[in-house]
Structure formats: C-alpha cells, structure tokens
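# Okay, predicted coordinates and the sequence, questions at the end:
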Amino acid sequence: MARYNILDVLSPEIINLILEQLRALDLAFVLTLRLVCKRFNDFATPASYRLIQLNERILTTWICRV
C-alpha cells in the first residue's frame with residue numbers, strides 16, 4: 001500500500017479553512033502546529049497572526065516612541 005502525505009492531497013484552500021476553524025477553537029494549538037514541519041509552518045503562520053490585538057500598554061509604548 002502506498003503511503004502519502006495528507007498535506008499533498010488536500011488543497012491549500014481546505015488546509016487554510018481547517019486552520020481557521022482550529023484557530024477559533026484553540027490558538028495555542030495552531031501556534032504549536034507551526035513547530036511540526038516547514039509545510040505546517042507555512043500554513044499555520046498566516047492563520048496564527050491573522051488578527052492582532054493591541055492592548056493599551058502596547059499602544060502607549062508605541063505612542064511614546066513616535
């Protein structure tokens with residue numbers, strides 16, 4: 001029986017949809033997926049950082065530098 005890599009079978013669009021759903025459930029898990037292999041990192045990195053939340057401390061630090 002031939003072995004195959006599921007990442008080679010699924011389209012990038014499907015993988016991205018799966019990662020978006022995972023991100024909504026558990027962002028830490030998606031961040032951990034980045035460590036599995038380069039291919040997972042390529043898919044999981046954009047999903048991990050699609051939304052960035054700025055808190056008051058970050059904004060205050062940035063404003064003080066400008």
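Nice, I can see it.

# just how off-centre is the longest helix along the chain within its chain?
Counting by DSSP state H, the longest helix found in the chain is helix 12-25. Going by C-alpha atoms, centre = their mean, to the nearest Å, the spacing between the C-alpha centre of helix 12-25 and its chain's C-alpha centre is 9 Å.

# and if you look at stretch 27-43?
On C-alpha atoms, centre = their mean, the centre of stretch 27-43 falls 6 Å from that of its chain.

# One more: stretch 34-48?
For stretch 34-48, the distance to the chain centre is 6 Å (C-alpha atoms, centre = their mean).

# All the helices of this protein, in order from the start?
With DSSP H applied, the chain shows helices at 6-9, 12-25, 27-33, 38-48, 56-65, listed in chain order.

# what about the closest residue in space to Leu31 that isn't next to it in sequence, distance to Phe29?
Once flanking residues are discounted, Leu31 sits nearest to Ser48: 5.4 Å by C-beta to C-beta, 6 or more residues apart in numbering. Yep, even glycine has a C-beta here, placed from its N, CA and C like the rest. Distance, Ser48 to Phe29, using C-beta to C-beta, to the nearest Å: 10 Å.

# cool, Ala44 as well?
Distance from Ala44 to Phe29, by C-beta to C-beta: 9 Å.

# Which one's more surrounded, the two?
More crowded of Ala44 and Phe29, by other C-beta atoms under 10 Å: Ala44, with 23 against 12.

# rewinding a little: and the residue nearest to Leu31, how many neighbours?
Neighbours of Ser48 (other C-beta under 10 Å): 18.

# Surely it touches Arg23?
Yes - contact criterion C-beta atoms under 8 Å: Ser48 and Arg23 qualify, at 6.9 Å.

# just to revisit the earlier point, which residues are in contact with the residue nearest to Leu31?
Arg23, Leu27, Val30, Leu31, Arg34 (C-beta atoms under 8 Å, 6 or more residues apart in numbering).

# For this protein, give me the ranges with low pLDDT.
1-2, 62, 66 (pLDDT under 70).

# again, only this time at 50
The chain contains no residues with pLDDT under 50.

# how about the nearest residue to Pro46, chain neighbours excluded?
Asn16 (7.8 Å).
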